[in-house]
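A.B. asks: Fold the following.
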Amino acid sequence: MATGMKVLIPDDERCCSDFLQNLVEQNQDMQASGMAVDADGSPEYVVVRDLRRILEGCPICDGGFCDHTYSKLATVVMNEKADDLGRLAEFLRCMRDCRWRDVLGFRQWIPSTGAIVAFAFRCNKGRVGIVTVFSPVDSESPDEPLQFTILSVEEGKRLQAVVEPGQWMHLRPTHHLVH
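C.D. replies: Numbering: from 1, shown residues only. Below is the predicted model:
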């Protein structure tokens, strides 16, 4: 008699195909059924969904996002005030010069103003990239990608050294097995 197992499949199923194939091959007598699970609606998931949409697959390994992580590095408001424009210019200089500790100090957010948000993403191959997006005031409008950079191995290690390990979040939901 075959036993059953239900597998919850995250909405980005590219990574799941190998997992499911191995599961079925290794368990010939087991019956597996799947159900796609969508976002949980949390702010973290919205960020993950937008980053995956913007990146359209990892630009480092050209694959899905299994075992990939991200961290929000900075937010800088976008408006016409001279002080804010000066702060944006300083932020861009810090990014250009890879002054990561300084970049992490930019945590300005005003709900009624658009913002530039910088994220680091870490490929499962060990390389690190930066993606910068414009997040408009209107929450219905999607974030707009501005730039992404794949850091050298050495620079990626320097960035990882200043980002606390607990600040890295998964770029995709993990697999959940329900017996």
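A.B. asks: can you give me the end-to-end distance of stretch 109-128?
C.D. replies: From its first residue to its last, stretch 109-128 covers 25 Å (Cα to Cα, to the nearest Å).
A.B. asks: And the strands in this protein, which stretches?
C.D. replies: Under the criterion DSSP state E, strands of the chain are mapped to 3-10, 30-37, 69-78, 114-122, 128-135, 144-150, 169-170, 176-178.
A.B. asks: Low-confidence stretches in this structure?
C.D. replies: Low-confidence segments of the chain, defined by pLDDT under 70: 1-46, 82, 139, 172-179.
A.B. asks: What residues sit buried inside the longest helix along it?
C.D. replies: The single longest helix within the chain, with elements called by DSSP state H, is helix 82-96. Buried residues in helix 82-96, counted by 16 or more other Cβ atoms under 10 Å: Asp84, Leu88, Phe91, Cys94, Met95. Just so you know, the C-beta spots here come from the backbone N, C-alpha and C atoms, and that holds for glycine as well.
A.B. asks: ok, so of these, who is nearest Val162?
C.D. replies: Cys94 (12.0 Å; Cβ to Cβ).
A.B. asks: Please produce a markdown table containing the buried residues of helix 82-96, extended by distance to Glu56.
C.D. replies: A markdown table is the format used below for these (distance: Cβ to Cβ, whole Å):
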| residue | distance to Glu56 |
| --- | --- |
| Asp84 | 31 |
| Leu88 | 27 |
| Phe91 | 26 |
| Cys94 | 27 |
| Met95 | 22 |
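A.B. asks: ok, so of those residues, who is nearest Arg122?
C.D. replies: Nearest to Arg122 out of those is Met95 (Cβ to Cβ; 17.2 Å).
A.B. asks: now that closest one, nearest residue through space, not along the chain?
C.D. replies: Excluding its sequence neighbours, the residue lying closest to Met95 (Cβ to Cβ, 6 or more residues apart in numbering) is Val103, at 6.0 Å.
A.B. asks: contacting residues for that neighbour?
C.D. replies: Listed by Cβ atoms under 8 Å, 6 or more residues apart in numbering, the contact partners of Val103 are Leu73, Ala74, Phe91, Cys94, Met95, Ala118.
A.B. asks: mind listing what's buried in stretch 119-135?
C.D. replies: Those would be 119-124, 127-133, 135, for stretch 119-135 by 16+ other Cβ under 10 Å.
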